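Participant: sequence-free structure coming up:
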Ligand code: NAP
């Protein structure tokens, strides 16, 4: 661990430093980390633009081999990586080991995706000289956008950070990557960046394929996004952060796409017949999903919608009882803990909101909160539909199904929407589906939204404010599409056509 930035394989210091913090105590520990300077940003982007010429044109088998090499190098970090991530994030060992598996698994999944080649979407329309007017020869393929700026997320220090989904999909698309490391886990980032740098060297690729920049000031991310050599941005974090990066991208002489995954309350709607069957079981499962990982998941189900009445009351009582058993959990950063407390204050002070479970939430420790509000009051207060990042649940009790439908219609864009239903709820389910599918990237039946499978059919994205680009997903193989664009070659002589289109 040197704390240095990694600019195209070269480790660099600077005059500004910051320290990692022990998540459990909030105390700074270990070696200083060097904040990247403007010239570090420029050098990383220049090296990426140069390397792009080679990396973007690499045979697919070599690109796939590189992704597997990155995975192998991360595997080789073993427990050192887990222990460092535990200290910096406060996340438990089992969770981080699982996340490491997910991280290398998704790199290998993208290697297979690169090889299968379907993402290239090759299309060929042959010429027809006899047609009037004559039809030209048209051939389409996808090409990489160019160097991508990736912002590591605080809540997934491995799977959404330096070698996380954004980096893996950008590499798979043939794009070089410059990562802005999240300051909450700089040591974890350095270890992973070291693994990628070794893989770049071992694969014989130009060093500019990958760089890591450290820092704690917004100006670093701004400089990176505004660098003219950056062609796209991948981000997971706050709505404020994502929107700021969008503004910077739009202010450039040449604007670029920003794929920001930001905020979602992931409503869970429990239809009457299913709720009547097992209100306590459903409440237990809801609480498990709500409080997992101190509620620091983008798919955390912050809102549950139930009909008022005996079953709704049983659900509320059981959820309260289950949440009372959940002890304090360390949050990822002081900022996230502070935002959790102010989110709680906002919800608690809202008209018509009844506090069901309160607790003392000191410094970095999150304890759960549970509130109830009527459907009528929820519908008149737009702010109650905003994300509170942490284990805070709001149960909305509706007077009838029309009110349930009205709530679904007034939801903001979501990553997920869930319906719990059985055969007797079919009509209500059919009425909800066309509303909810316009609100979210993923719809679930009889499950809970935490736990995002990395696979071909996954969509992790959704209409604003879930993301800035509702046509995309940031998880699963389809995420490669974010960093590609289609090019059509018309009447191109064979010798100029890309090989795969000949
Ligand atoms: P964040 O504050 O948005 O920061 C994420 C990254 O973006 C950091 O590297 C940060 O670096 C950079 N950044 C933030 N604002 C920026 C700006 N205006 N200009 C340039 N760069 C900027 O997210 P966080 O620290 O992970 O957590 C804060 C809040 O984000 C949470 O309380 C939660 O509400 C939300 N969050 C949501 C999700 C989700 O999945 N929906 C995940 C994580 C967090 P610097 O601060 O060093 O500039």
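Facilitator: Noted; the coordinates are in hand. Here the structure is a predicted model, which is why all the values come from computation and not from measurement. Numbers count the residues shown, from 1 in each chain.

Participant: Can you tell me what sits against the helix or strand hosting residue 314?
Facilitator: Here residue 314 sits within helix 310-324, counting by DSSP states H and E. Contact partners of helix 310-324, identified using C-beta atoms under 8 Å, 6 or more residues apart in numbering, comprise 270, 272, 275-276, 279-280, 282-284, 286-288, 290-291, 304, 306, 356-357, 368, 370, 372, 391, 393, 395, 397. Placement of C-beta: from N, CA and C, glycine included.

Participant: Can you name the residue of the stretch 351-500 of the chain nearest to the ligand?
Facilitator: Among all residues of the stretch 351-500 of the chain, residue 389 sits closest to the ligand, at 3.4 Å; criterion: C-beta to the nearest ligand atom.

Participant: Show me where this structure has its helices.
Facilitator: 38-55, 60-89, 93-116, 165-173, 186-202, 218-226, 239-251, 272-277, 279-291, 310-324, 334-348, 375-380, 401-410, 426-436 (DSSP state H).

Participant: For residue 473, find the nearest of the ones you listed.
Facilitator: Residue 473 lies closest, by C-beta to C-beta, to one member of the helices of the chain: helix 165-173, at 9.4 Å.

Participant: sorry, back to before: among the helices of the chain, which is the most enclosed?
Facilitator: Sort the helices of the chain by mean neighbour count, taking mean count of other C-beta atoms under 10 Å, and helix 165-173 sits at the top with a mean of 29.

Participant: touching the ligand at all, it?
Facilitator: No: judged by C-beta under 6 Å from any ligand atom, helix 165-173 makes no contact with the ligand; its nearest approach is 11.8 Å.

Participant: Stretch 228-248 now?
Facilitator: Yes: Stretch 228-248 lies within reach of the ligand by C-beta under 6 Å from any ligand atom, at 236-238, 241, 244-245.

Participant: Any chance of JSON lines for the residues you listed, columns pLDDT and distance to residue 29?
Facilitator: Putting the residues of stretch 228-248 next to the ligand into JSON lines (pLDDT from 0 to 100; distance: C-beta to C-beta, whole Å) gives the following:
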{"residue": "236", "pLDDT": "97", "distance to residue 29": "26"}
{"residue": "237", "pLDDT": "96", "distance to residue 29": "24"}
{"residue": "238", "pLDDT": "95", "distance to residue 29": "25"}
{"residue": "241", "pLDDT": "97", "distance to residue 29": "26"}
{"residue": "244", "pLDDT": "98", "distance to residue 29": "29"}
{"residue": "245", "pLDDT": "98", "distance to residue 29": "30"}
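
Participant: These: which two are farthest apart?
Facilitator: Farthest-apart pair in the residues of stretch 228-248 next to the ligand is 236 and 244; separation 14.1 Å (C-beta to C-beta).

Participant: residues from the chain in reach of the ligand?
Facilitator: Counting by C-beta under 6 Å from any ligand atom, the residues of the chain near the ligand are 151, 153-155, 180, 182-183, 215-218, 221-222, 236-238, 241, 244-245, 261-263, 298, 333, 335-336, 339, 389.

Participant: same thing but 5 Å
Facilitator: 151, 154-155, 182-183, 216, 218, 221, 237-238, 241, 244, 298, 336, 339, 389 (C-beta under 5 Å from any ligand atom).

Participant: Now the two most distant members of those.
Facilitator: 216 and 298 (22.5 Å).

Participant: So for those two, which residue has more residues nearby?
Facilitator: Using other C-beta atoms under 10 Å, the more surrounded residue of residue 216 and residue 298 is residue 298, with 27 against 16.

Participant: I figured that one was touching residue 261, is that so?
Facilitator: Yes: using C-beta atoms under 8 Å, residue 298 makes contact with residue 261 at a distance of 6.4 Å.

Participant: Okay, now the unreliable bits of this structure?
Facilitator: 361 (pLDDT under 70).

Participant: please redo it, this time with the cut-off set to 80
Facilitator: 358-363 (pLDDT under 80).

Participant: what's the neighbour count on residue 437?
Facilitator: 12.

Participant: try residue 501
Facilitator: 16.

Participant: Now for the closest residue to it other than its chain neighbours: which residues touch it?
Facilitator: Leaving aside its chain neighbours, residue 501 sits nearest to residue 139 (4.4 Å; criterion: C-beta to C-beta, 6 or more residues apart in numbering). Counting by C-beta under 8 Å, 6+ apart, residue 139 makes contact with 122-125, 488-489, 492, 497, 501.

Participant: ok, now residue 181?
Facilitator: 152, 161-162, 189-190, 193, 212-215.

Participant: let's go with 7 Å and repeat that
Facilitator: 152, 162, 189, 212-214 (C-beta atoms under 7 Å, 6 or more residues apart in numbering).

Participant: How about residue 502?
Facilitator: Counted by C-beta under 7 Å, 6+ apart, residue 502 has contacts residue 494.

Participant: how much space between it and residue 491?
Facilitator: 14 Å (C-beta to C-beta, to the nearest Å).

Participant: Just the buried ones from the contacts of residue 139?
Facilitator: The neighbour count (16 or more other C-beta atoms under 10 Å) marks 489, 492, 501 as buried among these.

Participant: Give me the contact list for stretch 236-253.
Facilitator: With C-beta under 7 Å, 6+ apart as the criterion, stretch 236-253 contacts 151, 153-154, 160, 218, 221-222, 225-226, 228, 233, 235, 255-256, 258, 260-263, 465, 468, 474.

Participant: what about residue 471, how many neighbours?
Facilitator: Using other C-beta under 10 Å: residue 471 sits among 10 other residues.

Participant: Tell me which entries of the contacts of stretch 236-253 lie within strands.
Facilitator: Members of the contacts of stretch 236-253 lying in strands (criterion: DSSP state E): 151, 233, 235, 258, 260-261.

Participant: For the residues you listed, give me a markdown table that also has neighbour count.
Facilitator: Listed next are the ones in strands among the contacts of stretch 236-253 as a markdown table, based on neighbours: other C-beta atoms under 10 Å:
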| residue | neighbour count |
| --- | --- |
| 151 | 24 |
| 233 | 26 |
| 235 | 28 |
| 258 | 24 |
| 260 | 28 |
| 261 | 28 |
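
Participant: Now for the residue of the stretch 51-200 of the chain found nearest the ligand, how many residues are close by?
Facilitator: Nearest residue of the stretch 51-200 of the chain to the ligand (C-beta to the nearest ligand atom) works out as residue 154 at 3.2 Å. Using other C-beta under 10 Å, residue 154 has 23 other residues around it.
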